[in-house]
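> fold the following.
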Amino acid sequence: MGLFDFLLAKKQTASVAKDRLRIIVAHERAGRGGPDYLPMLQRELLEVIRKYVNVDAESVKVDLIGEGDNKVLDISVALPENPAQA
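Numbering: from 1, shown residues only. From the prediction side, this is the model:
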């Protein structure tokens with residue numbers, strides 16, 4: 001009975017690994033479908049924001065979100081809490 005339990009455990013582990021791989025592949029495919037200009041737009045926005053506020057590169061996020069037939073450009077900027085850093 002121990003041998004069969006061992007074989008079944010591997011099958012379940014393989015199934016979990018396969019599901020995880022499917023999720024990773026789906027995520028990669030979804031990222032490829034985005035426009036090519038988003039990284040450049042993010043860099044340019046960061047340059048403009050840095051003229052007024054001292055922020056790091058991770059503070060600016062740019063995403064394109066599909067809502068029905070429309071696309072929405074979502075721009076998030078994390079500003080420093082301390083105004084002295086600005």
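
> quick one: residues contacting the spatially closest residue to residue 41 that is not a sequence neighbour.
Distances taken as CB to CB, 6 or more residues apart in numbering place residue 62 nearest to residue 41, at 5.6 Å, with adjacent residues excluded. C-beta here means a position set from N, CA and C on the backbone, and glycine is covered the same way. Residues counted as contacts of residue 62 (CB atoms under 8 Å, 6 or more residues apart in numbering) are 38, 41, 42, 45, 73, 74, 75, 76.

> show me what counts as buried in the helix or strand where the third one lies.
Using DSSP states H and E, residue 42 sits within helix 38-50. When burial is assessed from 16 or more other CB atoms under 10 Å, helix 38-50 yields the following buried residues: 42, 46, 49.

> list the contacts of it.
Contacts for helix 38-50 (CB under 8 Å, 6+ apart): 55, 57, 59, 60, 61, 62, 63, 64, 75, 77.

> is it possible to mark the buried ones in those residues?
55, 59, 60, 62.

> for residue 26, state which of those is nearest.
Within the buried ones among the contacts of helix 38-50, proximity to residue 26 (CB to CB) peaks at residue 62, which comes in at 21.5 Å.

> what separation do you get for the closest one and residue 49?
Per CB to CB, to the nearest Å, residue 62 is found 12 Å from residue 49.

> next one: residue 72
Using CB to CB, we find residue 72 at a distance of 20 Å from residue 49.

> cool, and residue 81?
For residue 81, the distance to residue 49 - CB to CB - is 16 Å.

> the contacts of helix 38-50 in strands, which ones?
Under the assignment DSSP state E, the contacts of helix 38-50 contribute 60, 61, 62, 63, 64, 75, 77 to strands.

> state the mean pLDDT of the helix holding residue 42.
In this model, helix 38-50 carries a mean pLDDT of 87.

> returning to that earlier point: quick check: the farthest pair among the contacts of helix 38-50?
Between any two of the contacts of helix 38-50, the greatest separation by CB to CB is 21.4 Å, found for 55 and 64.

> output the buried ones among the contacts of helix 38-50 as a markdown table; include the columns pLDDT and distance to residue 14.
Shown next, in a markdown table, are these (pLDDT from 0 to 100; distance: CB to CB, whole Å):
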| residue | pLDDT | distance to residue 14 |
| --- | --- | --- |
| 55 | 88 | 45 |
| 59 | 86 | 41 |
| 60 | 86 | 41 |
| 62 | 85 | 38 |
